[in-house]
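next comes the sequence, and after it the predicted model I'd like to discuss.
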Amino acid sequence: MIHDLEIRLAPAEAGEPSAVTAAAARRLGVAASRLTRVTVEHRSLDARKRPPVYVLRVRAWVDEAPVDAPPWRLQLGDVRAAPPAIVVGAGPAGLFAALRLIEGGLRPIVLERGRDVRGRRFDVAQLNREGLVDPESNYCFGEGGAGTFSDGKLYTRATKRGEVRRILQILVQHGAPPGILVDAHPHIGTNRLPGVVQALRATIVAHGGEVRFETRVDDLVRSGAGVTGVVTRSGERLDGRGVILATGHSARDVYALLHRHGIRVEPKPFALGVRVEHPQALIDRIQYHCATRPSGLPAAAYSVVRRVEGRGVYSFCMCPGGVICPATTSQDEVVVNGWSPSSRNSRFANSGIVVETTLADLRAAGGDDPLAGIGLQVAIERAAAEAGGGRCVAPAERLVDFVDGRASADLPACSYVPGVRPARLADVLPPPVTAALRTALRGFGGMLRGYLTNDAIVVGVETRTSAPVRVPRDPATCMHPDTPGLFPCGEGAGAAGGIVSAAMDGERCAAALLATTHAAA
C-alpha cells in the first residue's frame, strides 16, 4: 500500500534517509523494515518557533514493491529542415521559447547581443575587478540573461501561468540539482546556473536550432502593420514565422526601437531603492533565535513588507550567504543587485529594499512619454555613479545613519567588489523614496530585533527590479494587439518576473506562435 503523509524532523535529521524512513514508520505505526521505499515529495523549513524543524511530505510504500517510472525527459525532434522563427534574447524566456518551438516543429534562431557563458565570465570579472563595463555583455546581457550570474532563485507565485514542475524538470534534465523538485524555495546558485544554461543551449543546437551570440538586433522587418523579421547590427536580415521578443528588462534600446516604429508601448510602475547588507551571522541569530546557526540549517533569509504613505516597501531578491554585484549596463551608471552561490556560504546577507513607484511618478518624470520610467532610472543611476566617484564604485551609508539622516564617516565591510564610498543616498534617490525607505526600515527593525544596526550597510542603487515599460499583448494570442507577428515575452514585456515565470512565459509565447503558424497552414 502507498501512503502520503507529513512528518517533521530536526534539521540534522531531515537530510538523512534512515531518519526519514524511521519517522515515516513511526507515523504509520509499522516496523521500518516493512517500508520498501520512502521518497520526499516536498520539503520546507518552519522557523517560526524554537527549535526550527523541516516539514516533509513523503510517500511511503508498505509491503509493496515500488514500480519505477521512466525518468522524465523532454521529447524533441530534429528541426533542421523546418521553417524558422526568430527569438530575440537568450535569457530563460528566450531559451525555453526555443525549446517549445522545437517541440512544435519550428526551427528557432536565437539572437543574443551578449557573449556566451565563457566569454561573459571574463566580462563580469573585469566589471568586478576594474569597474569597466562592456555595454553588450555584463550581468544583464549575455547567455542566460540576467539570471545566469544573479543567484538562480526558482521560487515563483505564478503557478497559474504554466507548468512550474515542467520547467524545473527541464532544468534538472540539464544539470540542475534534483532537490529543486522538492524544495519549497528552490535555488540553483550562481556557480551552478551557467552550466545549466550551456546545456540548454546545447540541446537547442543539437536538435537543429541556432543560437547566435554577439548579435544585436537593431531594427525590425515590417510588412504593413506587422513584423516578419529583424535586422542585426551587421545588417543581416532574418525572417521567420514570427518574432518572440525576449530581451529582458534592461534592453532600453529595444524599447526605443519599438517606440520609433510606432509600436505601442506603455509606461509601467516599478520598484526602486537600495540594497541592504548585514553580517549573515546576525540574520541567523534573528531568524533562528539562537547564538549560532544549528547544524543542518541553511543561511537564514528574511522577507519583509510595509505600506508607507500608500507605497509598498518590501524586500526584493534576498540573498542569504550572498554577494552584492554591479548590475549596470553603462559606464556612467551605478546599479546594484545580489546573488548567492549554491552553498550560500558568504559571511554576508543582502537584500534589495525597494519602494513602489506610481504612474504619477512617471508622469512627473517624463510627462506622457511611455519611456519616462527609463528616464527616471537613468537619472538615479547616473546620480549614484557621480556620488560613487567612478568605475562602478557605489555610494553607501551605515544603516542607522541612513535612517536618521546622518552622514557616515566610515563604512563596515561589504561584499561589493568594485568598492563603496560614503555618500548621502538621500542626494541620489527621489525624496519620496528616501522618506518611505526610512520609515519602513524603522518598522523592519521592530519586526526583526537587531536588524536596525550600524553594522549593516545600505548600498545604492537598486533600480532594475522589473521593466519600467510594458509591451502590451493580446491575452489569448500573446501577440502585440496592433502588430501581427510580434510576441512580446518575459520580463522585458512586463509579463513575468524571475527565472521560472520568464521560462513559463517563453513557453506560452512559443505555443501561441505555433498556434498561429498551424492555423495559417
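Yes, it's here.

okay, the nearest residue to A184 once chain neighbours are set aside and M504: tell me how far apart.
Distance criterion CB to CB, 6 or more residues apart in numbering; nearest residue to A184, sequence neighbours excluded, is S44 at 3.6 Å. Glycine gets a C-beta too; all of them are placed from N, C-alpha and C. Shown here: S44 relative to M504, a distance of 22 Å by CB to CB, to the nearest Å.

compare neighbour counts for the two and give me the winner.
M504 (26 against 13; other CB atoms under 10 Å).

check which helix or strand P481 maps to.
Here P481 is covered by no helix or strand, with elements defined by DSSP states H and E.

who touches the residue nearest to A184 in this structure?
Applying CB atoms under 8 Å, 6 or more residues apart in numbering to S44 gives the contacts 54-55, 183-185.

select from those residues the one having the most neighbours.
Result: Y54 is most packed of these (other CB under 10 Å), 23 neighbours.

confirm that that one sits in a strand.
Yes: under DSSP: H, G, I helix; E, B strand; the rest coil, Y54 falls within a strand.

is it true that it touches A12?
No: applying CB atoms under 8 Å, one finds Y54 not in contact with A12, separated by 9.8 Å.

what secondary structure does I283 sit in?
helix.

which residues are in contact with it?
I283 neighbours (CB under 8 Å, 6+ apart): 299-302, 320, 349.

could you pull up the mean pLDDT of stretch 311-320?
Averaged over stretch 311-320, pLDDT sits at 96.

adjust the sequence numbering to begin at 625 for everything that follows.
Got it, first residue is 625 now, which makes that one stretch 935-944.

distance from that stretch to the middle of the chain?
With CA atoms, centre = their mean, to the nearest Å as the basis, stretch 935-944 stands 13 Å off its chain's centre.

need the contact partners of that stretch.
774-775, 777, 895, 897, 904, 907, 922-931, 961-964, 968, 973-980, 982, 1056, 1060-1061, 1063-1064, 1086, 1089.

from those, which would you call buried?
By neighbour count, with 16 or more other CB atoms under 10 Å, those hold 774-775, 777, 895, 897, 904, 907, 922-926, 928, 930, 961-964, 968, 973-980, 1060-1061, 1063-1064, 1086, 1089 as buried.

how many neighbours does A1031 have?
Around A1031 there are 12 residues (other CB under 10 Å).

let me fix that: H1104
The burial count for H1104: 25, using other CB under 10 Å.

ok, back up a step: now the residue nearest to A808: phi and psi?
Torsion angles at S668 (phi, psi; degrees, to the nearest 10) stand at phi -140, psi 150.

with G897 instead?
According to degrees, to the nearest 10, G897 has phi 170, psi -130.

now it, nearest residue through space, not along the chain?
V978 (3.7 Å).

point out where this protein drops to low pLDDT.
The model of the chain has pLDDT under 70 over residues 774-775, 781-786, 1145.

can you do 80?
Residues of the chain meeting the criterion pLDDT under 80: 673, 773-776, 779-786, 1142-1145.

buried residues in the longest helix along it, which are they?
For the chain, the helix with the greatest residue count under DSSP state H is helix 1123-1144. The neighbour-count check on helix 1123-1144 (16+ other CB under 10 Å) flags 1123-1138, 1140-1141 as buried.

can you check stretch 752-760 too?
Applying 16+ other CB under 10 Å to stretch 752-760 flags 752, 755, 757-758, 760 as buried.

among the residues you listed, which are in helices?
Those of the buried residues of stretch 752-760 lying in helices (DSSP H): N752.

which one of the buried residues of stretch 752-760 sits closest to D1028?
G755 (30.1 Å; CB to CB).

ramachandran coordinates for that closest one?
Per degrees, to the nearest 10, the backbone of G755 is at phi 70, psi 20.

dump the contacts of S668 to JSON lines, plus distance to G769.
What follows is those, written out as JSON lines (distance: CB to CB, whole Å):
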{"residue": "Y678", "distance to G769": "32"}
{"residue": "V679", "distance to G769": "33"}
{"residue": "D807", "distance to G769": "22"}
{"residue": "A808", "distance to G769": "25"}
{"residue": "H809", "distance to G769": "21"}
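
can you give me the strands for the stretch 975-1124 of the chain?
1018-1022, 1044-1046, 1081-1086, 1093-1094, 1110-1112 (DSSP state E, counting those that start in this stretch).

please enumerate residues in contact with the second one?
In this structure, residues lying in contact with strand 1044-1046 by CB under 8 Å, 6+ apart are 1011-1013, 1017-1021, 1031-1035, 1038, 1081, 1083.

please identify the helix or strand for the closest residue to V644 other than its chain neighbours.
The shortest distance from V644 to any residue other than its chain neighbours is 5.8 Å, reached at V662 (CB to CB, 6+ apart). Using DSSP H and E, V662 sits in strand 659-670.

name the residues of that strand that are buried.
So, applying 16+ other CB under 10 Å, buried residues of strand 659-670: 659, 662, 664, 667, 669.

need the contact list for the second one.
Just to be clear, that refers to V662. Contacts of V662 by CB under 8 Å, 6+ apart are 641, 644-645, 648, 682-685.
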